[in-house]
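In: Give me a 3D structure for the following:
(one chain, ligands or ions: 3)
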Amino acid sequence: ASAEIEAGLRRALAEGGLELHFQPQVDGSGWITGAEVLLRWRHPERGMVPPDEFVPVAERSGLIEAIGLWVLEASCLQLATWADDPALGNLVLGINVSSRQFRQPEFGNQVLETLEACGARADRLKLELTESLLLDDPTATAGRMRMLKSHGLAFSLDDFGTGYSSLAYLQHLPLDEIKIDQRFVRSIDRSAGDRAIAHTIVALGDSLGLQVLAEGVETEAQRDALAAVGCARYQGYLFGRPRPLARFEAQVREQVARQAAPVTQDDA
Ligand code: C2E
Ligand code: CA
Ligand code: CA
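Out: Ligands and ions are numbered 1, 2, ... in the order given. Okay, here's the model as predicted:
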């Protein structure tokens, strides 16, 4: 089955069968500041295939390097297209980078060249890395991150709290953001333990000068519990599901239109 998936993926990559979906990331007031880019495979027979079903196969076969490059390019083109639009030009896109891709010696230059070729600003791009990637070869990783960061890119630590428990690396890596994993968010409004974990991650982020963003926020009760422990950046179904480009753009334009609307007697 995995050979079949791989062949299908190769075809999709060559023939335009991959697409990007965008999931809003919001600040404490619910304002959309950017999006996480999530890959989708439009399969001729099976419809939309979620990444959990094909990313692991692509990682094992090495195809993830070509796919990751495609995601990078498509995201940079998107940023360049938005650049002069007052509603969309400030959005930051976060892309997921697999460890296999990040470990390529040429990865850093590929990112810079792609940004340049597309005409996109480096400070509109955020790379989401996982703990296992950071721990894989900390010295090389830190060097590569510092190089990219000096050009304006940001780094986010994905799925925080689910991997290793070594925290020592955190202070040596030039991260900008930590993402609280969904598993701590799911029951946070009912579980004192999850609240304690979220609180600790926020305190850790504060003391290291890192933003903390919670993912998988589905309800207002979860959002309120996160706000109560000081977490003020969110992503999840409460603020929007991952959606195709046109629908994400419409959502952003709508918030700008709402803000620009004159305040009437009733609102005041
Ligand atoms: P992730 O980076 O942890 O992405 C977040 C996942 O949580 C996404 O699943 C998203 O759709 C889902 N999610 C977001 N909000 C909610 C919510 O409120 N509730 C629940 N239950 N789920 C929520 P998705 O899109 O299926 O992606 C799965 C994983 O696939 C991602 O996990 C990421 O590790 C990987 N992935 C996605 N796109 C790419 C890519 O372009 N490159 C690489 N290397 N990996 C990717
Ligand atoms: Ca992610
Ligand atoms: Ca995640």
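
In: Any idea how far apart the tips of stretch 50-60 sit?
Out: Start to finish, the residues bounding stretch 50-60 are 17 Å apart (Cα to Cα, to the nearest Å).

In: what ranges do the helices span in the chain?
Out: Ranges of helices within the chain are 2-15, 55-61, 64-82, 99-102, 107-118, 131-136, 138-149, 182-185, 192-208, 220-228, 245-260, based on DSSP state H.

In: In CSV: those, plus distance to ligand 1, mean pLDDT and mean neighbour count.
Out: Yep, even glycine has a C-beta here, placed from its N, CA and C like the rest. Formatted as CSV, the helices of the chain follow (distance: least, Cβ to the nearest ligand atom, whole Å; pLDDT from 0 to 100; neighbours: other Cβ atoms under 10 Å):
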stretch, distance to ligand 1, mean pLDDT, mean neighbour count
helix 2-15, 12, 93, 14
helix 55-61, 5, 94, 17
helix 64-82, 4, 98, 20
helix 99-102, 7, 93, 20
helix 107-118, 12, 98, 17
helix 131-136, 10, 86, 18
helix 138-149, 16, 93, 16
helix 182-185, 6, 96, 20
helix 192-208, 15, 96, 16
helix 220-228, 9, 98, 18
helix 245-260, 13, 95, 14
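
In: of these, which approaches His43 most closely?
Out: Shortest distance between His43 and those, using Cβ to Cβ, is found for helix 2-15: 6.8 Å.

In: With distance to Gly47 added, can I get the helices of the chain in a markdown table?
Out: Listed next are those as a markdown table, based on distance: least, Cβ to Cβ, whole Å:
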| stretch | distance to Gly47 |
| --- | --- |
| helix 2-15 | 13 |
| helix 55-61 | 17 |
| helix 64-82 | 19 |
| helix 99-102 | 27 |
| helix 107-118 | 30 |
| helix 131-136 | 31 |
| helix 138-149 | 36 |
| helix 182-185 | 24 |
| helix 192-208 | 34 |
| helix 220-228 | 30 |
| helix 245-260 | 17 |
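
In: Looking at those helices, which is nearest to Leu167?
Out: Among those, the nearest to Leu167 by Cβ to Cβ is helix 192-208 (7.4 Å).

In: Residues contacting the closest one, please?
Out: Helix 192-208 is contacted by residues 160-161, 167, 170-171, 175, 178, 180, 184-188, 210-212, 214, 225-226, 228-231 when judged by Cβ atoms under 8 Å, 6 or more residues apart in numbering.

In: Contact partners for Asp189?
Out: 219, 221-222, 224-225.

In: Give me the phi and psi for it.
Out: phi -80, psi -10 (degrees, to the nearest 10).

In: With adjacent residues omitted, what lies nearest to it?
Out: Computed as Cβ to Cβ, 6 or more residues apart in numbering, the closest residue to Asp189 that is not its neighbour in sequence is Ala221, at 3.8 Å.

In: Surely Gln255 is in contact with Ser29?
Out: No: counting by Cβ atoms under 8 Å, Gln255 stays clear of Ser29, with 10.4 Å between them.

In: partners of the top strand by length along the chain, with directions?
Out: Ranked by number of residues, the top strand in the chain under DSSP state E is strand 32-43. Next to strand 32-43 in the sheet, as set by DSSP bridges, lie strand 18-26 (antiparallel), strand 47-49 (antiparallel), strand 92-96 (parallel).

In: Put together JSON lines for those, with distance to ligand 1, mean neighbour count and mean pLDDT on each row.
Out: Formatted as JSON lines, the strands paired with strand 32-43 follow (distance: least, Cβ to the nearest ligand atom, whole Å; neighbours: other Cβ atoms under 10 Å; pLDDT from 0 to 100):
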{"stretch": "strand 18-26", "distance to ligand 1": "6", "mean neighbour count": "22", "mean pLDDT": "97"}
{"stretch": "strand 47-49", "distance to ligand 1": "10", "mean neighbour count": "12", "mean pLDDT": "92"}
{"stretch": "strand 92-96", "distance to ligand 1": "4", "mean neighbour count": "21", "mean pLDDT": "98"}
